[in-house]
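Sequence and predicted structure are below.
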Amino acid sequence: MKRFLWCFLFLTSIFLISACEEQELEKHSSEVPDAEEVLTLDPDADIFMWTNVVYKTNIDWVEPLKLTKDKELGEINSVSSKPDNYQYKNGMANKLPIGSKIYSVKERNDVLVVEVNGMVKKYLGASEG
């Protein structure tokens, strides 16, 4: 009886292993959210695009972070003309004025700060979801 049980368990294991190997693994790919996705979820969002990433301000957990302004990366060079314009290019914003300076920060690589009229605003890069 023991021999039968061991053979049964062995054959069942072989069957399960071979069945698992034949199944194709499903690949999921996620993309970084674009301006349309961010603005659809939050039509009043204050955003800009930099290095093909949409950055958004007024994120609850980002605001209290102590960040040190580092290198100047560039500036806002265009403003979206319409609220439903989702064709953003690098350097384009929807609420920041042209000429606003964009800086990296020393503490994080997913946050940029923008200096506007002497005020510093913190922006989090939209990441894959």
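Here it is on my side, so go on. Computed from a prediction, not measured in an experiment: that's the story for all the values here. Numbering: from 1, shown residues only.

What lies in contact with stretch 95-108?
Applying C-beta atoms under 8 Å, 6 or more residues apart in numbering, the contact partners of stretch 95-108 are 46-48, 50, 65-79, 93, 111-116, 121. (Each C-beta comes from the backbone N, C-alpha and C, glycine too.)

For it, what is the distance to the chain centroid?
17 Å (C-alpha atoms, centre = their mean, to the nearest Å).

what about it, start to end distance?
One end of stretch 95-108 to the other measures 24 Å (C-alpha to C-alpha, to the nearest Å).

Sort out which residues of stretch 87-107 are buried, please.
Residues of stretch 87-107 classed as buried: 88, 91-96, 100-105 (neighbour count, 16 or more other C-beta atoms under 10 Å).

Contacts only, for V120.
By C-beta under 8 Å, 6+ apart, V120 lies in contact with K69, V113, V114.

Quick check: it vs K69, distance?
Distance, V120 to K69, by C-beta to C-beta, to the nearest Å: 7 Å.

which residues are common contacts for the two?
Both V120 and K69 are in contact with V113, where contact means C-beta under 8 Å, 6+ apart.
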